[in-house]
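Participant: Curious how this folds, go ahead:
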Amino acid sequence: MTTTNLPDTTPNEPRRPFTLRAALSLMAGISIASVSIYLLCRKNTSRVVRTGIKSLPVVLPLILDRRRDRRPAPAAAPAQHSTFYRIAAYVLPVVLCLALGGLAGWLQRDSLTEWYPALLKPAGTPPNLVFPIVWGVIYLLMGISAGRILTAPGGPHYGAMTLWGIQLGVNFLWSILFFVCRSPLLGLIGIVVLDALAMVYIARSYRIRRDAAWMFAPYLAWILYATYLNGWILAANGPGI
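Facilitator: All right, here's what the predicted structure looks like:
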């Protein structure tokens, strides 16, 4: 007796494509969490603000559940990217990186004038003028790297772009932990996690587009050097918690 293998007719649930809107939503959530940490670290934050922040874990899931119920069924992904998508895929990640970098600089401005100059630092610490220049170039390369992944054939590449978004959020969080909370210990923990995420992203993106991975090489070198500086400052000045 012979048997015929029938095709599997079980419908597969379509995967929701990774979109720039999803990336922006992820960054908005990370930014809200970081600002919340900053406000909780401040001693003069009012009790009303603290109560509101502590209620976010309860309120946000209810809001998201209501939005999910109203969300229409996802449309089929286009066969190939439009010109507008390709332009936005490069421009929006660059703008996002620069915006988060600018926000981090604004939040840490008091620490840069009151706390950071008084710390004991190693001899190889760059002057303050170098930091905004280097970070501007690095943010540009990071955004272009994301654009290369978003426009790569065979996409959407969920894993690589998720790693890109998470590492950018941890990058912003490190500024909060080190400068705003004025804690070299928390900063070192954050930047070690950032090092690992950047390495994993490079390995993941290298299999998609090699140039996207190489654009992260200066970033990885810079944060590894920042890890050394953070560790030296921690050893010389204490945890700061």
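Participant: in the helix or strand in which Leu100 is found, what's buried?
Facilitator: Under the criterion of DSSP states H and E, Leu100 resides in helix 83-107. By 16 or more other Cβ atoms under 10 Å, the buried positions in helix 83-107 come out as 88-90, 92-94, 96-98, 100-101, 104, 107. Every residue, glycine included, has its C-beta placed from N, CA and C.
Participant: List the contacts of stretch 131-143.
Facilitator: Contact with stretch 131-143 is made by 90, 92-98, 101, 105, 126, 164, 168, 215-216, 218-219, 222, as judged by Cβ atoms under 8 Å, 6 or more residues apart in numbering.
Participant: quick one, helices of the chain?
Facilitator: 20-41, 47-70, 83-107, 109-114, 130-150, 158-175, 184-206, 210-214, 217-237 (DSSP state H).
Participant: ok so, going back, would you mind checking the average pLDDT for the helix holding Leu100?
Facilitator: Mean pLDDT, taken over the full extent of helix 83-107, equals 92.
Participant: Taking their axis directions, it and helix 158-175 sit at what angle?
Facilitator: Interaxial angle, helix 83-107 versus helix 158-175 (axes from the mean of the first three to the mean of the last three Cα atoms, to 10 degrees): 20 degrees.
Participant: Packing partners of helix 83-107?
Facilitator: For helix 83-107, the contact count by 3 or more Cβ pairs under 8 Å, 6 or more residues apart in numbering; DSSP states H and E identifies helix 20-41, helix 130-150, helix 158-175 as packing neighbours.
Participant: quick check: angle from the last one to helix 217-237?
Facilitator: Right, the one you point to is helix 158-175. Per the same axes, to 10 degrees, the angle that helix 158-175 makes with helix 217-237 is 30 degrees.
Participant: what about this protein, any weak spots by pLDDT?
Facilitator: 1-80, 241 (pLDDT under 70).
Participant: returning to that earlier point: ok, which of the helices of the chain comes nearest Pro122?
Facilitator: Of all the helices of the chain, it is helix 217-237 that lies closest to Pro122, at 4.6 Å by Cβ to Cβ.
Participant: May I have the closest one exported as CSV, CA atoms only?
Facilitator: Extracted as CSV, the C-alpha positions of helix 217-237 are listed here (Å, rounded to 0.1, in the frame of the first residue of the first chain):
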residue,chain,number,x,y,z
ALA,A,217,33.5,49.1,13.7
PRO,A,218,34.4,52.7,14.8
TYR,A,219,31.4,52.7,17.2
LEU,A,220,32.6,49.4,18.8
ALA,A,221,36.2,50.7,19.1
TRP,A,222,34.9,54.0,20.7
ILE,A,223,32.7,52.3,23.3
LEU,A,224,35.4,49.8,24.2
TYR,A,225,37.7,52.7,24.9
ALA,A,226,34.8,54.3,26.9
THR,A,227,34.5,51.1,28.8
TYR,A,228,38.2,51.4,29.8
LEU,A,229,37.7,55.0,30.9
ASN,A,230,34.5,54.1,32.8
GLY,A,231,36.3,51.3,34.6
TRP,A,232,39.3,53.5,35.5
ILE,A,233,37.0,56.2,36.9
LEU,A,234,35.1,53.7,38.9
ALA,A,235,38.4,52.3,40.4
ALA,A,236,39.7,55.8,41.2
ASN,A,237,36.5,57.5,42.4
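Participant: elements contacting it?
Facilitator: With contacts taken as 3+ Cβ pairs under 8 Å, 6+ apart, helix 217-237 sits against helix 130-150, helix 184-206.
Participant: List the buried residues of that helix.
Facilitator: Tyr219, Leu220, Trp222, Ile223, Ala226, Thr227, Leu229, Asn230, Gly231, Trp232, Ile233, Leu234.
Participant: Put together a markdown table for the helices of the chain, with distance to Leu120 on each row.
Facilitator: Below are those laid out as a markdown table (distance: least, Cβ to Cβ, whole Å):
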| stretch | distance to Leu120 |
| --- | --- |
| helix 20-41 | 22 |
| helix 47-70 | 33 |
| helix 83-107 | 23 |
| helix 109-114 | 15 |
| helix 130-150 | 18 |
| helix 158-175 | 20 |
| helix 184-206 | 11 |
| helix 210-214 | 36 |
| helix 217-237 | 4 |
